[in-house]
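Chemist: Sequence and predicted structure below; questions after.
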There are 2 protein chains.
Amino acid sequence: MLIYDDKLTAPFIAAHERDQMEAQLRVARDMLDQRTGPGSDYTGWIDLPETMDPEQIRVIQASADRIRRDFDLLIVIGIGGSYLGARAVIEALSHHFSAFLPADQRPGLPVLFAGHQLSADYLRDLIEVTRDKRVAINVISKSGRTTEPAIAFRVLRQQILGHLGDDQLADRIFITTDREQGALRQVADDLGLTSFEIADDIGGRYSVLTPVGLLPIAVAGLDIQSLLEGAREERARCLTSPAEGLPPCDRYAVNRILLNRKGYLAEMLAAYEPSMRYMTEWWKQLFGESEGKDGRGLIPLGLDYTTDLHSMGQLIQEGPRLFFETVVRFDKPNRDLILPSDPDQADELEYLAGTSVSLVNSRAAEATALAHTEGGVPNMEILLTERSARCLGRLIYFFERACALSALMNGVNPFDQPGVEAYKRNMFALLGKPGYEALRQQLES
Amino acid sequence: MLIYDDKLTAPFIAAHERDQMEAQLRVARDMLDQRTGPGSDYTGWIDLPETMDPEQIRVIQASADRIRRDFDLLIVIGIGGSYLGARAVIEALSHHFSAFLPADQRPGLPVLFAGHQLSADYLRDLIEVTRDKRVAINVISKSGRTTEPAIAFRVLRQQILGHLGDDQLADRIFITTDREQGALRQVADDLGLTSFEIADDIGGRYSVLTPVGLLPIAVAGLDIQSLLEGAREERARCLTSPAEGLPPCDRYAVNRILLNRKGYLAEMLAAYEPSMRYMTEWWKQLFGESEGKDGRGLIPLGLDYTTDLHSMGQLIQEGPRLFFETVVRFDKPNRDLILPSDPDQADELEYLAGTSVSLVNSRAAEATALAHTEGGVPNMEILLTERSARCLGRLIYFFERACALSALMNGVNPFDQPGVEAYKRNMFALLGKPGYEALRQQLES
């Protein structure tokens, strides 16, 4: 279901190097699993797929079913970990042109996003296309005070739902927030809204398998039980040390850290399916925010192949030797296509007539892995059986755990993000927020 | 219309450093403008905005008008420079949710893309949503033999247009290819298709202001005259050395090269409008493919702000000090929004009631520039008046010229891409293309 293959790293990493990392890896595993490392208060995700209350899943599914029955679309308001996971899974598993599909051919509702930036034009356009639609809103924010989603919620509540009474709002607004505190908890309680909890021990970038991700994913008509099932399977594999060696995600973490210590500064995650673009964005946040601190951290780059072989490919093949590459592939497409014969064409494709397009895609991947290895770019592969909820669940858990182990081996806290506050403080000061007067004076001078 | 502001680089670049680069810059300018540098055969883009035949623009516009009148949508088949420029301009200037707009509210047709990867599922989905539509196709490829677009063209021609006779095909297929040679030239001549020329002296990544980009952009209902007008204006500024110092694009090129020589390895292009995402992808190809060779080249990273401040922001603020940042901003939104007052909310936003969302976005940008500068990330800004075709035309020319000057100062050919062939050769061998038998044997062993 998930095969991690690092045999092409042989020219770059010797077997004894991995052996010599085992002690460091063991320390990282122990810190993680015994909750003794930095950031241990945020390790609720480790057992989540196993311990999640089935009743909670039932309630999420029931709300999703009601939203799908009563509304035309869902707007998810959130930023960072409060939107990326849901968007990643929805785009990875949905029709590539779902916006063009008639409602009766979609498995669920269109899910649109807001509150993940501050573009006025974006909000105006969103209001315009949703004006005559029956709209439900899911606001996702632990404090309810993050500027971007709070602004979007104020604006959309007035513009889209402004004509409704409080009882109608209670049907349309779904809150995902802190159990007890915060601005959204207060809104939920005041209006009697359906609400879901953001656990105290799971940070934003690790929250896709909580209600944060699961509600929007279920509204899109995707199978959240299978997603969790995949995560459970991968967890079981990660937590058991097989007799024949390291679990794949440990091995991936060790390879990454070894390459980083050899001077490779950037990891590229490449997928051969365009719908994986936001999974790659999710991966970038997961690794960038977990590892990028204390002057350390690999630069995470996302690539869509073969598209970006005609864009970033030149730099990868012949630029500075700073990259290594992790490729995500699927063993089979959901629906294949056969290249038709047309002997009159001068396109030099007739030798492929009768070949499936997915086979050409696979050969392109093998060809690229060999070309990049030859060019000095270490290459590893994660092969999933198919583009399904279950396989994505596995992939999510695999990356979450590999990321935590990598950060701990590198000696940093995988679960905090102190640097994100810097721009927020400055922004509050420049906007004149009460309490930031001194900083404002300093910035303006 | 386009203001380049590098005053925040003061802690990182001293004035004398730029002065001491003037001789190298002058040499690069001379090589470029006198066509004496490496790759000079591909400098047709320099004078293009000025010298383009008005009759050619008229013909492009007339074809676009006919496509808009007779069809429901356009599929553009192309990869790399044959699709990125068009997609970038179309997404930057279109409604954020144009797929959800009724046909009578769109300025032009939906433009969908194919042939830029090898996903079977993507092609199947595309065929599905276009089945009952009146579809026109624009195939863009110089040789007509690039694998990805050639496969898409074979498949879509059979699946979408298979029931039509040759005379009907002549109405629906538009070819953009080499003037005389190649597989597509032959198809165009055989079937009597409308065709447009890819100039011999303009490479793919510099081709957006040729028919390659202009036809799809015009079909989307955007103003190609204004786009060219903007490029003409920026060209005039670039080619005249103003008395008071370097033209902005020269200054940008010098700053980039200086920062690279000081050890900064990656340039981040960040925009505060989500519709600029593909402009950033276009920029990544332009710079990555032009500079990334001979073991050299800055790593181009694309960022959407403020979205990615909650994803890559942590790494940028506190990770390894390898980045500098170029921000693209707009002075005003197309349509603004005022944040409503709601004193009962606990979202801590009431101090912003009555403030425009675009002002908050601007303050976020200023706040981030200061935070990143403080954190050791050199920051520069490109301020455009508005998100319009004319401003984008300026930006395109600005980047094209700055890129060529940068590569020449770095001593590499800005206009070739020899490394892109590596994966193609391997792919042909693995797929069993005639002529690649020896390489196949070698790869399989």
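Modeler: Nice, I can see it. Numbering: from 1, shown residues only, chains lettered A, B, ... in the order given.
Chemist: Helices of the stretch 251-400 of chain A, start to end?
Modeler: With DSSP state H, counting those that start in this stretch, the ranges of helices along the stretch 251-400 of chain A come out as A:277-291, A:313-318, A:357-374, A:389-409.
Chemist: for chain A, which strand is longest?
Modeler: Ranked by residue count, the top strand of chain A under DSSP state E comes out as strand A:323-330.
Chemist: Parallel or antiparallel, which strands does it pair with?
Modeler: Strand A:323-330 has its sheet partners listed here by DSSP bridges as strand A:266-271 (parallel), strand A:379-384 (parallel).
Chemist: which parts of it are buried?
Modeler: The neighbour-count check on strand A:323-330 (16 or more other CB atoms under 10 Å in any protein chain shown) flags A:323-330 as buried. Heads up, the C-betas are built off the backbone N, CA and C, glycines and all.
Chemist: Without its sequence neighbours, what residue ends up closest to A:Pro49?
Modeler: A:Ala231 (3.8 Å; CB to CB, 6 or more residues apart in numbering or on different chains).
Chemist: follow-up on the earlier one: highest average neighbour count across the helices of the stretch 251-400 of chain A?
Modeler: Ranked by mean neighbour count, the helices of the stretch 251-400 of chain A are led by helix A:313-318 with a mean of 27 (mean count of other CB atoms under 10 Å in any protein chain shown).
Chemist: Indicate whether that helix makes contact with chain B.
Modeler: Yes: using CB under 8 Å from any CB of the partner chain, helix A:313-318 reaches chain B at A:313-318.
Chemist: average pLDDT for that helix?
Modeler: Model confidence over helix A:313-318, given as mean pLDDT, is 97.
Chemist: one step back: need the mean per-residue confidence for the longest strand of chain A.
Modeler: Across strand A:323-330, the per-residue pLDDT values average to 98.
Chemist: near chain B, which residues of the stretch 1-150 of chain A show up?
Modeler: Checking the stretch 1-150 of chain A against chain B by CB under 8 Å from any CB, the hits are A:79-81, A:84, A:95-97, A:99-101, A:110, A:112, A:116-126, A:128-129, A:144-145, A:147-148, A:150.
Chemist: For PyMOL, write a command that selects the buried ones of the residues you listed.
Modeler: With 16+ other CB under 10 Å as the burial test, the buried ones among the residues of the stretch 1-150 of chain A next to chain B are selected in PyMOL as follows:
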select buried, chain A and resi 79+80+81+84+95+96+97+99+100+101+110+112+116+117+118+119+120+121+122+123+124+125+126+128+129+144+145+147+148+150
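Chemist: Select from the residues of the stretch 1-150 of chain A next to chain B every entry located in helices.
Modeler: Residues of the residues of the stretch 1-150 of chain A next to chain B located in helices (DSSP state H): A:84, A:120-126, A:128-129, A:147-148, A:150.
Chemist: of all the residues you listed, which two lie farthest apart?
Modeler: Using CB to CB, those reach their maximum pairwise distance at A:Leu84 and A:Glu128, which is 25.0 Å.
Chemist: still on that earlier bit, what's the closest of the buried residues of strand A:323-330 to chain B?
Modeler: A:Phe323 (8.0 Å; CB to the nearest CB).
Chemist: looking at it, that closest one is touching A:Gly263, isn't it?
Modeler: No: in this structure A:Phe323 lies outside contact range of A:Gly263 using CB atoms under 8 Å: 11.0 Å.
Chemist: Spit out the contact partners of the residue nearest the centre of chain A.
Modeler: Most central in chain A under CA atoms, centre = their mean is A:Trp282, positioned 2.5 Å from the mean C-alpha point. By CB atoms under 8 Å, 6 or more residues apart in numbering or on different chains, the residues touching A:Trp282 are A:84-85, A:87-88, A:205, A:208.
Chemist: 7 Å instead?
Modeler: Applying CB atoms under 7 Å, 6 or more residues apart in numbering or on different chains, we find A:Trp282 in contact with A:84-85, A:88.
Chemist: Please apply the same query to A:Ala271.
Modeler: Counting by CB under 7 Å, 6+ apart, A:Ala271 touches A:280, A:304-305, A:328.
Chemist: Then A:Met1?
Modeler: A:233, A:384-385, A:391, A:394.
Chemist: residues in the stretch 151-300 of chain A within reach of chain B, list them.
Modeler: A:151, A:154-155, A:158, A:183, A:186, A:265-266, A:272-274, A:284-285, A:288-289, A:292-297, A:299 (CB under 7 Å from any CB of the partner chain).
Chemist: Show the buried residues in the residues you listed.
Modeler: A:151, A:154-155, A:158, A:183, A:186, A:265-266, A:272-274, A:284-285, A:288-289, A:292-293, A:296-297, A:299.
Chemist: taking those one by one, which sit in strands?
Modeler: Those of those mapping onto strands are A:266, A:299, per DSSP E.
Chemist: starting at the chain centroid, how far to stretch A:40-53?
Modeler: When C-alpha coordinates are averaged (CA atoms, centre = their mean, to the nearest Å), stretch A:40-53 and its chain have centres 17 Å apart.
Chemist: make that stretch A:165-172, sorry
Modeler: 31 Å.
Chemist: Same question for that stretch: list its buried residues.
Modeler: Neighbour-count burial for stretch A:165-172 [16+ other CB under 10 Å]: A:169, A:172.
Chemist: Over to stretch A:199-219?
Modeler: Buried residues in stretch A:199-219, counted by 16+ other CB under 10 Å: A:199, A:202-219.
Chemist: Any idea how far apart the tips of that stretch sit?
Modeler: One end of stretch A:199-219 sits 21 Å from the other (CA to CA, to the nearest Å).
Chemist: ok, now which ones touch the nearest residue to A:Phe100 once chain neighbours are set aside?
Modeler: The spatially closest residue to A:Phe100, leaving aside those adjacent along the chain, is B:Val129, at 4.3 Å (CB to CB, 6+ apart). Contacts for B:Val129 (CB under 7 Å, 6+ apart) come out as A:97, A:100-101.
Chemist: Could you rerun that using 10 Å?
Modeler: Counting by CB atoms under 10 Å, 6 or more residues apart in numbering or on different chains, B:Val129 makes contact with A:95-102, A:105, B:73, B:99, B:110, B:112.
Chemist: Please determine how far it is located from A:Ala271.
Modeler: Going from B:Val129 to A:Ala271 by CB to CB, to the nearest Å gives 22 Å.
Chemist: ok, for the residue of the stretch 151-300 of chain A found nearest chain B, nearest residue in space, not its chain neighbours?
Modeler: At 2.6 Å from chain B, A:Gly292 is the closest residue in the stretch 151-300 of chain A, using CB to the nearest CB. Computed as CB to CB, 6+ apart, the closest residue to A:Gly292 that is not its neighbour in sequence is B:Leu315, at 2.6 Å.
Chemist: is it true that that neighbour touches A:Asp294?
Modeler: No: contact between B:Leu315 and A:Asp294 fails when scored by CB atoms under 10 Å: they sit 11.1 Å apart.
Chemist: can you list residues touching both of these two?
Modeler: Counting by CB under 10 Å, 6+ apart, the shared contacts of B:Leu315 and A:Asp294 are A:Gly419.
Chemist: OK, contacts around the residue of the stretch 1-150 of chain A found nearest chain B?
Modeler: Nearest residue of the stretch 1-150 of chain A to chain B (CB to the nearest CB) works out as A:Gly80 at 3.1 Å. Shown in contact with A:Gly80 (CB under 10 Å, 6+ apart): A:116, A:140-141, A:146, A:148-149, A:203-205, A:207, A:285, A:289, A:417, A:420, B:306-311, B:313-314.
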